[in-house]
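J.: Just need the structure, nothing else, for what follows:
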Amino acid sequence: MKSDQNSPQLNIPHSPYLPYDESVSMYNTAFVHLTPYTFSNFQQESMSWKNTCYLHAGLNPAYPYSIKGEDALRLFKDSCVNTFEIFAIGSARHAIMCNEQGNIMADGLLLHIGEDEYISYYLSPYINYLVDSGAYDVVGEDLSGEVFLFQLGGPRSLEVLEAATGESLRDLLFFKHRPGIIKSEDENKNDADVRIFRVGVAGTLAYEVHGNIKDAEVVYQAIIKAGEHFRIEKLGLQVYGMNHTENGFYQSFIHFMGAYPQDQRFMDYLNGSFDQFLVNISGSAGRDLNKRFCNPVEAGWSNRIVFDHDFRGRQALEKP
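T.: You can find the predicted model right below:
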């Protein structure tokens with residue numbers, strides 16, 4: 001799709017999560033705003049995560065959801081295949097939530113950020129449904145539009161972030177996170193408080209930078225400036241899905257869809273908001289939705305399943 005920032009024909013706003021770039025001519029509207037589809041070209045962007053570094057803002061909004069309360073951990077244990085026997089503040093999980101049939105309802109990131117305080121990404125709307133069920137003494141809050149998430153991947157990503165923060169990040173181990181500060185390149189704007197998260201599901205060194213949306217442009221520009229010496233690339237949505245695919249990492253709504261229709265109570269909770277997606281569904285799998293569902297084993301995530309607790313779908317997943 002071609003458009004400028006204020007196209008009167010489309011009347012779709014530009015993404016508030018990254019600065020407008022006049023060189024971009026192709027956009028994606030999956031998130032109901034204009035997100036760059038590509039910045040340079042496919043080959044240049046796709047090689048960045050192998051040779052140098054990329055900065056990607058296209059996952060916003062990443063459906064951030066805050067969960068607080070003394071029953072939060074019990075909610076996760078009841079609904080996730082993952083173990084939570086050790087889940088310290090500063091740790092994270094690739095949380096996988098299943099239904100009784102063992103099929104994936106949601107998967108995403110779950111970060112432990114404080115005492116009885118967590119934040120999830122891409123577990124909505126299923127985690128909202130569990131919180132709103134009233135079965136747990138927790139409070140949930142949708143943070144969409146209030147926070148941002150940027151991704152950096154590639155062998156130079158650590159050097160880029162160290163240049164942007166002015167500190168060593170070599171103590172940050174895989175799937176750990178901690179607060180940091182991104183130095184503003186604009187003397188008229190304050191430095192930004194962020195959370196830096198060591199990830200890398202696409203098979204390369206990678207990080208995420210989380211922060212308040214009011215600081216999104218400052219952080220984006222500072223990372224780009226810090227990355228110039230390391231030949232950083234801006235990454236569009238076209239290539240983003242490709243690097244996960246190359247590494248064999250399943251991604252919801254690209255490689256499979258959540259098994260929402262198998263849970264009628266959840267479908268009632270959605271109150272028809274998922275119906276339009278089902279009407280427009282396309283692809284070689286045809287209209288048989290069951291062909292689009294999968295369990296964690298089929299997704300290659302059997303190493304996340306730990307039978308040290310009772311969880312929804314355990315009986316189905318225990319079958320040989």
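
J.: How far off centre is stretch 300-313?
T.: Centroid separation between stretch 300-313 and its chain, computed with C-alpha atoms, centre = their mean, to the nearest Å, is 21 Å.

J.: Leaving out sequence neighbours, find the closest residue to Ile89.
T.: His112 (5.2 Å; C-beta to C-beta, 6 or more residues apart in numbering). C-beta coordinates here come from the backbone N, C-alpha and C atoms, glycine included.

J.: what sits opposite the one you found in the beta ladder?
T.: Each beta-bridge partner of His112 is listed here, defined by DSSP bridges: Tyr118.

J.: can you give me the helices in the stretch 101-250 of the chain?
T.: 126-132, 157-165, 216-227, 237-246 (DSSP state H, counting those that start in this stretch).

J.: Quick one, grab the pLDDT at the residue nearest to Ile89.
T.: For His112, the model assigns a pLDDT of 98.

J.: Over to Asn6?
T.: Asn6 is assigned a predicted lDDT (pLDDT) of 45.

J.: Show the pLDDT at the residue lying closest to Gly108 once chain neighbours are set aside.
T.: Leaving aside its sequence neighbours, Gly108 sits nearest to Tyr122 (C-beta to C-beta, 6+ apart; 3.1 Å). Predicted confidence (pLDDT) for Tyr122: 95.

J.: Next one: Tyr122 from Ala92, what distance?
T.: Tyr122 sits 13 Å away from Ala92, taking C-beta to C-beta, to the nearest Å as the criterion.

J.: how far is the helix or strand of the chain with the lowest mean pLDDT from where the chain is centred?
T.: The weakest-scoring helix or strand in the chain, judged by mean pLDDT, DSSP states H and E, is helix 275-279 (a mean of 74). Averaged C-alpha coordinates place helix 275-279 at 23 Å from its chain's average position (C-alpha atoms, centre = their mean).

J.: Please enumerate residues in contact with it?
T.: Helix 275-279 has contacts (C-beta atoms under 8 Å, 6 or more residues apart in numbering) with Pro261, Leu289.

J.: any idea how far Gly258 is from the nearest residue to Tyr63 once chain neighbours are set aside?
T.: Counting by C-beta to C-beta, 6+ apart, Tyr63 lies nearest to Ser124, which is 4.0 Å off, once chain neighbours are set aside. Going from Ser124 to Gly258 by C-beta to C-beta gives 11 Å.

J.: Residues that sit against both of those two, list them.
T.: Counting by C-beta under 8 Å, 6+ apart, the residues touching both Ser124 and Gly258 are Ala106.

J.: Let me see the ranges of the strands in the chain.
T.: For the chain, applying DSSP state E gives strands covering 27-28, 35-36, 53-56, 65-68, 92-98, 104-114, 117-121, 139-142, 147-153, 177-182, 192-199, 206-212, 232-235.

J.: just checking, what packs against the third one?
T.: Spelled out, that is strand 53-56. With contacts taken as 3 or more C-beta pairs under 8 Å, 6 or more residues apart in numbering; DSSP states H and E, strand 53-56 sits against strand 147-153, helix 157-165, helix 216-227, strand 232-235.

J.: Neighbouring strands of the shortest one in the sheet, and parallel or not?
T.: To tie it back to what came earlier, the one meant is strand 232-235. Sheet partners assigned to strand 232-235 using DSSP bridges are listed as strand 53-56 (parallel).

J.: surely Val131 meets Glu141?
T.: No: counting by C-beta atoms under 8 Å, Val131 stays clear of Glu141, with 9.3 Å between them.

J.: more crowded one of these two?
T.: A count of neighbours by other C-beta atoms under 10 Å puts Val131 above the other of Val131 and Glu141, at 22 against 13.

J.: State the pLDDT value of Tyr240.
T.: For Tyr240, the model assigns a pLDDT of 85.

J.: Leaving out the residues flanking it, which one is nearest to Phe76?
T.: Phe84 (5.7 Å).

J.: swap that for Pro13, please
T.: Closest residue to Pro13 apart from its sequence neighbours, by C-beta to C-beta, 6+ apart: His33 at 5.1 Å.

J.: ok, that neighbour touching Asn11?
T.: No: with contact defined as C-beta under 8 Å, His33 does not count as touching Asn11 (11.3 Å).

J.: Pick out whichever of those two has more residues nearby.
T.: With neighbours defined as other C-beta under 10 Å, His33 and Asn11 compare such that His33 has more, 16 against 7.

J.: contacting residues for that one?
T.: By C-beta under 8 Å, 6+ apart, the contact set of His33 is Ile12, Pro13, His14, Ser15, Pro16.

J.: how close does the first one get to Lys189?
T.: Going back to what we said before, that points to Ile12. Look at Ile12 and Lys189: by C-beta to C-beta, they are 27 Å apart.

J.: hey, what's Leu149 bridged with?
T.: With DSSP bridges as the rule, Leu149 is bridged to His210.
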